[in-house]
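[1] sharing a model prediction with you, sequence too.
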Amino acid sequence: MAIKGVGAPDQVYDGNGLRVAIVHARWNAKIIDALVTGAVGRLKELGVLDESIEIISVPGSYEIPLAVQKTLASQRFDVVIAIGVLIKGSTVHFEYIAESVTRSLMQIQLKENKPVIYGILTCLTELQALERAGLDEAKAMHNHGIDWASAAVEMGCKFGD
Ligand SMILES: O=c1[nH]c(NC[C@H](O)[C@H](O)[C@H](O)CO)c([N+](=O)[O-])c(=O)[nH]1
């Protein structure tokens with residue numbers, strides 16, 4: 001049995017009535033599109049209504065925290081899924097963005113007292129990103145967008161008030 005992974009949910013959560021925002025970067029669009037598609041499909045499987053899902057895009061992962069903060073401050077959503085794909089280049093740019101975005105998203109969810117699901121892939125290679133978006137047919141890896149949507153419905157039901 002695989003060790004890594006979220007494991008079975010403690011119960012099935014009904015997303016009907018939940019208002020979910022997906023804030024995603026556009027950098028590495030092929031991978032982003034697969035992750036967002038996976039997340040939206042899972043949200044609907046769990047009962048979230050189409051009209052209760054809002055998708056907001058920003059240029060890159062660095063822009064995600066401000067967009068998430070503004071989205072939550074609108075009081076129009078119970079939970080936000082932040083989706084970005086950082087792929088290591090030849091400089092330390094990757095590290096600075098990854099650290100600051102991750103820290104910021106944690107701070108925002110605690111400040112706004114609303115769940116922010118962490119969907120930032122921090123990959124050392126393009127292949128790692130393709131695998132985690134379920135795009136590497138060779139390995140049929142799992143689309144992490146699905147997991148983030150499941151987490152969003154659970155956290156929205158439990159703590160999204
Ligand atoms: O989302 C990403 N943004 C990236 N950079 C753009 C950054 O997020 C901002 O959009 C940009 O710096 C303008 O503020 C990336 N790289 O630089 O490699 C990346 O891999 N992923």
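    Received, thanks. Numbering: from 1, shown residues only.
[2] contacts, neighbours, all on C-alpha from now
    OK.
[3] tell me what the longest helix belonging to the chain is packed against?
    Assignment by DSSP state H gives helix 93-112 as the longest helix of the chain. Here helix 93-112 touches helix 64-73, strand 79-87, strand 116-123, going by 3 or more CA pairs under 8 Å, 6 or more residues apart in numbering; DSSP states H and E.
[4] can the shortest one be found next to the ligand?
    No. No part of strand 116-123 sits near the ligand under the criterion CA under 6 Å from any ligand atom; the closest distance found is 8.2 Å.
[5] and the nearest residue to Gln69 once chain neighbours are set aside, how far is that from Ser100?
    Leaving aside its sequence neighbours, Gln69 sits nearest to Ile108 (CA to CA, 6 or more residues apart in numbering; 6.2 Å). As judged by CA to CA, to the nearest Å, Ile108 and Ser100 stand 12 Å apart.
[6] hang on, the earlier thing: and the helices and strands packed on helix 93-112, which is most packed in?
    strand 79-87 (a mean of 26; mean count of other CA atoms under 10 Å).
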